[in-house]
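> missing the sequence, but the structure's below:
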DNA sequence: ACGATTAGTCCATAATCTGTACATAATCCT
DNA sequence: AGGATTATGTACAGATTATGGACTAATCGT
């Protein structure tokens, strides 16, 4: 619940810096006068706040604008991506990835390094990751950017900054944050992919992002914020019960969604998603049947998810994105039929536009978000 | 997301009033010096804030206390229930209820009026409710309490202050708030019952409250706050899919939890929960079987709920409370078996301690909460 | 060229918190 | 019993930050 610390003068200013920066972030460049209008602060105060933000390099002046027809033109002030940026990182089953994103949420740099991380030794992989960080940071700095923090996406559960369990990597209880001398965050891949979709995808503020990978995960975004649950484990769509007495799942349960719609079930012996798409395009009945089964199971699990989570819409991502043309009908039909009386219309079912990069981008965006939400602290103003 | 309005001097003080009042609310009476320590504010500031809160009548001094062994003893200041109170209201299928709760969350008054509200005319019932409000308000004022707001619990969905649909009452799109000349809120019965459990029950801050009534609902509380979803419709546990091709449910879906664990399914022809309990106590096999079925279905639905919502624990309330001895085993077994590998231990399964009053109490508590969270606004300081 | 209009800055004022000093009230020690 | 010690709560000057009106700046229309 709400903090119990009192508010002092400096937190008032910190808050107002965040209000001004947040307004520029939400609704683009504005003159000081317009910002005063929008925030309810006086022109004097806005001027003073902007001057601090200019100095920190997160905003810049971008030429004169005439608001109305008459009068002195104002100077538009907007976010500037020239100086401050953050690093997004991802450890996945078969690659390491990094990206650099500036304050305007523009992607400035992207690196992927193939690797075989299945049942790997954490120390080796983390050394590789540190090298990747060094490289990308150096390259970003060459173009004048200052990296002020990093976040890491991992395919597993995270609690209190520690990677608790990543079954596909074969890792348990790995502490990662200490390895970097930057402000650092670590989170689950599906959570960060949901945030990636929020900031770099459709830009809706309310949706459930469904991440199809080897496992199936989901991240719920409500009013622009990620819902994490009590222990940060919310959104485990993959183990929602679809058939109470169905086949055993590796989690110990039976008939979980993952059994029907996980990557292994979908590929059904094929070696890659690309090859599955080929088979589907050429009308292979076995591939179609697998998709149909997965779509049906997804429809059932998503019905439960809609009743419990009440998402604004549903975004299919990960391997579900390329399969969307074959999933849309069965999933949509299941949702519509089952939600029938409960809502005027079921949540819209759409495909993610950012595909495999969602998680790294979300990671970088997470730190950008912190800058926007509290520039005074993150930029030491 | 964060407000876009700037912070001025008066909001700094408003926030600090809330910080001090909130600290007293969370951790009981304290001296001014202790409050200064806890909040990080200076003794001077705390003294000044307390003097405003004393004047508003929400706190009072309660005698000398010695903190350490030496030194001048301080004067303890704590919440005072003598002057400010709120009204909780409930429209249910077969009764109207009201209660008055003071700032210390002590119940000061309680009224229940039996009624047959099935398929009723909203205007009639609302007139009855207004009479009830007048009566209880008058009685509360006689004992020196000022009623500063009211909230109403209804068995249906609420959106933007309007009762959208209450199938068991037969109401649709009824606007209620305008009928009262008090600050007023209206919310779903399961949501408010969850808040009742939060403030008047076990006092845990993280749990899923499961409300068994004619329908089955749930309210998720995370870190002391209710999770409502995008449209305020989250927590519809009753229509989570238990058996994808099970019997049709009145919602249009098939095999929903409500089909197996709603009041009608449990009673199985009996006329009341009390009579069901009698049959269970005397070992009636048919009654046991119904309970077993319901418990099994609840175990399946709650497994999905745990994966999606990640609750701290699970509290069974409403008609599930008296049936807890017969439900605990099948529900608990289902959860443990299905959650197996995913968590060290499944969330604890406990029974609600406040029974049928949960919703009215939660309603009154909701307005108390607003006073604690923003005394400056709600008490016009 | 001049008035109207709007943008941005200057400066005195106001609101609020901080920090030090001090009066107060209890216990401890001799 | 009396002074030393310790802690509470208040007073007052000082610091920080926002406000509001006056002023300067820049552009348009006539």
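Nice, thanks for sending it over. This is a predicted model, so every value here is computed, not measured. Numbering: from 1, shown residues only, chains lettered A, B, ... in the order given.

> So for stretch A:154-170, mean pLDDT?
Mean pLDDT, stretch A:154-170: 88.

> ugh, wrong one, stretch A:331-349
Rounded mean pLDDT across stretch A:331-349 is 90.

> What residues of it count as buried?
A:331-332, A:334-335, A:338-340, A:342-343, A:346-347, A:349 (16 or more other CB atoms under 10 Å in any protein chain shown). Yep, even glycine has a C-beta here, placed from its N, CA and C like the rest.

> farthest-separated two in those?
A:331 and A:342 (17.2 Å; CB to CB).

> Scan chain A for its longest helix.
helix A:285-309 (DSSP state H).

> Point out where the stretch 51-200 of chain A drops to low pLDDT.
A:67-69 (pLDDT under 70).

> What ranges does it have for its helices?
Secondary structure of the stretch 51-200 of chain A by DSSP state H, counting those that start in this stretch: the helices cover A:122-142, A:189-200.

> hmm, back to that, just the buried residues of stretch A:331-349 now: which is nearest residue B:195?
Ranked by distance to residue B:195 (CB to CB), these are led by residue A:342 at 22.9 Å.

> Next one: that closest one from chain B, what distance?
Residue A:342 is 5 Å from chain B, where distance means CB to the nearest CB, to the nearest Å.

> can you give me phi and psi for that residue?
phi -80, psi -30 (degrees, to the nearest 10).

> Tell me which residue in chain A sits closest to DNA strand D.
Closest approach between chain A and DNA strand D, counting by CB to the nearest atom of the strand: residue A:72, at 3.0 Å.

> ok so, going back, which stretch among the helices of the stretch 51-200 of chain A comes nearest chain B?
Evaluated over these, closeness to chain B peaks at helix A:189-200, with 10.8 Å, by CB to the nearest CB.

> So the residue of chain A found nearest DNA strand C versus residue A:64, what's the distance?
Taking CB to the nearest atom of the strand, DNA strand C has its nearest neighbour within chain A at residue A:71, 2.0 Å off. Separation of residue A:71 from residue A:64 (CB to CB, to the nearest Å) stands at 12 Å.

> ditto for residue A:178
Counting by CB to CB, the gap from residue A:178 to residue A:64 is 49 Å.

> higher neighbour count, those two?
residue A:64 (11 against 8; other CB atoms under 10 Å in any protein chain shown).

> what's the neighbour count on the nearest residue to the more buried one once chain neighbours are set aside?
Nearest residue to residue A:64 in three dimensions, chain neighbours excluded: residue A:73, at 4.2 Å (CB to CB, 6 or more residues apart in numbering or on different chains). Neighbour count of residue A:73, defined by other CB under 10 Å: 12.

> Over to residue A:129?
Residues near residue A:129, counting by other CB under 10 Å: 22.

> Setting aside sequence neighbours, what's the nearest residue to it?
In space, not counting the residues next to it along the chain, residue A:129 is nearest to residue A:96; the distance is 5.8 Å by CB to CB, 6+ apart.

> ok, that neighbour touching residue A:124?
No - assessed by CB atoms under 8 Å, residue A:96 is found out of contact with residue A:124, at 11.3 Å.

> With neighbour numbers in mind, choose between these two.
Just comparing residue A:96 and residue A:124: by other CB under 10 Å the higher neighbour count belongs to residue A:96, 22 against 11.

> For that one, name its beta-bridge partners.
Beta-bridge partners recorded for residue A:96 (DSSP bridges): residue A:91, residue A:113.

> Can you give me the distance of the residue nearest to residue A:64 to residue B:31?
Applying CB to CB to residue A:73 and residue B:31 gives a distance of 58 Å.

> which phi and psi does the closest residue to residue A:324 other than its chain neighbours have?
In space, and not counting its chain neighbours, residue A:324 is closest to residue A:351: 4.1 Å by CB to CB, 6+ apart. Dihedral pair for residue A:351: phi -100, psi 140, per degrees, to the nearest 10.

> what bridges to residue A:351?
Per DSSP bridges, residues listed as beta-bridge partners of residue A:351: residue A:316.

> How many residues are close by it?
There are 18 residues near residue A:351, going by other CB under 10 Å.

> hang on, it packs against residue A:313?
No - in this structure, residue A:351 is not within contact of residue A:313 by CB under 8 Å, at 11.2 Å.

> Run through the residues that contact the nearest residue to residue A:256 once chain neighbours are set aside.
Spatial nearest neighbour of residue A:256, excluding adjacent residues (CB to CB, 6+ apart): residue A:249 at 4.0 Å. Contact analysis of residue A:249 by CB atoms under 8 Å, 6 or more residues apart in numbering or on different chains lists A:239, A:255-256, A:258-259.

> Which of these fall within helices?
A:258-259.

> Would you reformat the contacts of residue A:249 as JSON lines and include distance to residue A:24 and neighbour count?
Listed next are the contacts of residue A:249 as JSON lines, based on distance: CB to CB, whole Å; neighbours: other CB atoms under 10 Å in any protein chain shown:
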{"residue": "A:239", "distance to residue A:24": "41", "neighbour count": "30"}
{"residue": "A:255", "distance to residue A:24": "49", "neighbour count": "23"}
{"residue": "A:256", "distance to residue A:24": "45", "neighbour count": "33"}
{"residue": "A:258", "distance to residue A:24": "42", "neighbour count": "27"}
{"residue": "A:259", "distance to residue A:24": "47", "neighbour count": "24"}
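
> which stretches of the stretch 51-200 of chain A form strands?
A:59-65, A:74-79, A:84-91, A:95-102, A:107-114, A:146-154, A:157-159, A:162-166, A:171-175, A:184-188 (DSSP state E, counting those that start in this stretch).

> most neighbours per residue, which of those strands?
Highest mean neighbour count of these: strand A:84-91, a mean of 28 (counted as mean count of other CB atoms under 10 Å in any protein chain shown).

> Pull the distance from it to the chain's centre.
Distance, stretch centre to chain centre, for strand A:84-91: 12 Å (CA atoms, centre = their mean, to the nearest Å).

> Report the angle between that strand and helix A:189-200.
Strand A:84-91 runs at 150 degrees relative to helix A:189-200, counting by axes from the mean of the first three to the mean of the last three CA atoms, to 10 degrees.

> neighbours of the spatially closest residue to residue A:104 that is not a sequence neighbour, just the number please.
Counting by CB to CB, 6+ apart, residue A:81 is the residue found nearest to residue A:104 once chain neighbours are left out, at 4.0 Å. Residue A:81 sits with 19 neighbouring residues when counted by other CB under 10 Å.

> Please report the distance of residue A:81 from residue A:268.
Using CB to CB, one gets 45 Å for the distance from residue A:81 to residue A:268.

> Just list what the strand or helix carrying residue A:275 packs against, helices and strands only.
Assessed by DSSP states H and E, residue A:275 sits inside helix A:273-281. Other elements packing on helix A:273-281 under the criterion 3 or more CB pairs under 8 Å, 6 or more residues apart in numbering or on different chains; DSSP states H and E are helix A:263-267, helix A:285-309.

> tell me the most buried of the ones you listed?
Burial of these is given as mean neighbour count (mean count of other CB under 10 Å); helix A:285-309 ranks first at a mean of 23.

> Give the rounded mean pLDDT of that helix.
The pLDDT scores in helix A:285-309 average 97.

> Phi and psi next, for residue A:213.
Torsion angles, degrees, to the nearest 10, at residue A:213: phi -130, psi -150.

> isn't it right up against residue A:261?
No - using CB under 8 Å, residue A:213 is not in contact with residue A:261, being 11.1 Å away.

> Look at the two and report which has more neighbours.
For residue A:213 and residue A:261, the more surrounded residue by other CB under 10 Å is residue A:261, and the numbers stand at 29 against 22.

> roughly how far apart are the residue nearest to residue A:129 and chain B?
In terms of CB to the nearest CB, residue A:96 sits 27 Å off from chain B.
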